[in-house]
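**Q** below is the sequence, then the predicted model.
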Amino acid sequence: MVGSMNSHEIYEEFPDYVDEFGLIGPLRADDGQRIVPPEGFYAGPQRGERLPDFALPSTTGGRLDLHADRGGSKAAVVFFRSAVW
Amino acid sequence: MSQLVELQEALPKFAAAGIKLYAVSYDEPAALAEFAKHHGITFPLLADRGSRVIRRYGILNTFVTREQVPFYGIPFPGTYLVDERGGSELQVWDGTVDIAIPVWPDSRLAPLVSEPERRSVRIDVTVHYQACDERTCRVPQRAHFELDVPIDPWDAHGLGGLRGQRFTTMDTARYMKRWTRPGT
């Protein structure tokens, strides 16, 4: 049904699914997964802090210890929502 | 998760910049393994079951309630850049930038200026940078160039150097002074 509607009709029919930027998503705009965190929210370890150690099961085999594995190299650590959905 | 596929495509550029790439989610190891195999992801996908690391980092999405299975446990998505020392070093500038880096002569420099007529030293400079706007970032870049740095005579005394200490930067500075101001 939604697929046959143009965006204008979707806006009218499902106003709760349109966020503040006008983007339409499959979840209500006030759903926790779509919320934009408030300004100044805690974004984890701060600039200049050492990233806390962790070791987790890796797709490259075994448990991977972040600071041991990077071995003094620079690194980028990406936190993403899910590879499943 | 197209972000991971795009990161995989950009992996050679991360490698060229000397940056190892890791990605963390709350998924089961088997789910990540299937995703990695299907999409050819070669960098480590790390399974943070129970969102323990996500919680420890303080980035659990607290707007998702416990009742919202299976979505409870996701982080506020984001990326940390880690320098060689392990700090999340990321300096951000906007517009045109003048970067001033203090340079101190050490003993390796002294032979280069032993000829009195020499008044500059060429040094290699490598700048790692990444351009971003509010929404996205380009892949990291590296620029390399050489600078001719002029050597000015200066007074190394009064800077904390200890007399009698050899092979310190302070001693080197005194040699530099002697060589760059012959006769003093």
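**A** That came in fine, so what should we check first? Numbering: from 1, shown residues only, chains lettered A, B, ... in the order given.

**Q** now B:Asp124: how far from B:Ala143?
**A** 12 Å (Cβ to Cβ, to the nearest Å). In this view, the C-beta of every residue, glycine as well, is placed from N, C-alpha and C.

**Q** ok, now A:Ala68?
**A** A:Ala68 sits 31 Å away from B:Ala143, going by Cβ to Cβ.

**Q** which parts of the helix or strand hosting B:Leu4 are buried?
**A** Taking DSSP states H and E as the definition, B:Leu4 sits inside helix B:2-9. Across helix B:2-9, burial judged by 16 or more other Cβ atoms under 10 Å in any protein chain shown covers B:Leu4, B:Leu7, B:Gln8.

**Q** helix, strand or coil for the closest residue to the last one other than its chain neighbours?
**A** What that stands for is B:Gln8. Leaving aside its sequence neighbours, B:Gln8 sits nearest to B:Ile41 (Cβ to Cβ, 6 or more residues apart in numbering or on different chains; 5.2 Å). Using DSSP: H, G, I helix; E, B strand; the rest coil, the structure places B:Ile41 in coil.

**Q** mind listing what B:Ile41 touches?
**A** For B:Ile41, the contacting residues are A:Thr59, B:Leu4, B:Val5, B:Gln8, B:Phe35, by Cβ atoms under 8 Å, 6 or more residues apart in numbering or on different chains.

**Q** now stretch B:34-50: buried residues?
**A** Of the residues in stretch B:34-50, those buried (16+ other Cβ under 10 Å) are B:Phe35, B:Ala36, B:Ile41, B:Phe43, B:Pro44, B:Leu45, B:Leu46, B:Ala47, B:Asp48.

**Q** next: stretch B:130-140.
**A** B:Val139, B:Pro140.

**Q** residues near A:Ser82, how many?
**A** 16 (other Cβ atoms under 10 Å in any protein chain shown).

**Q** so what's it up against?
**A** By Cβ under 8 Å, 6+ apart, the contact set of A:Ser82 is B:Met1, B:Ser25, B:Tyr26, B:Asp27, B:Ile74.

**Q** also B:Val149?
**A** B:Val149 touches B:Val103, B:Ser120, B:Val121, B:Arg122, B:Ile123, counting by Cβ under 8 Å, 6+ apart.

**Q** from those residues, which would you call buried?
**A** Buried members of the contacts of B:Val149, scored by 16+ other Cβ under 10 Å: none.

**Q** which one of these is nearest chain A?
**A** Nearest to chain A out of the contacts of B:Val149 is B:Ile123 (Cβ to the nearest Cβ; 21.7 Å).

**Q** any chance you could map the strands in chain B?
**A** Along chain B, the segments classed as strands by DSSP state E run B:19-25, B:45-47, B:78-82, B:120-129, B:141-150.

**Q** tell me the mean pLDDT for the top strand by length along chain A?
**A** In chain A, taking DSSP E as the definition, the longest strand is strand A:74-79. Here strand A:74-79 scores 93 as its mean pLDDT.
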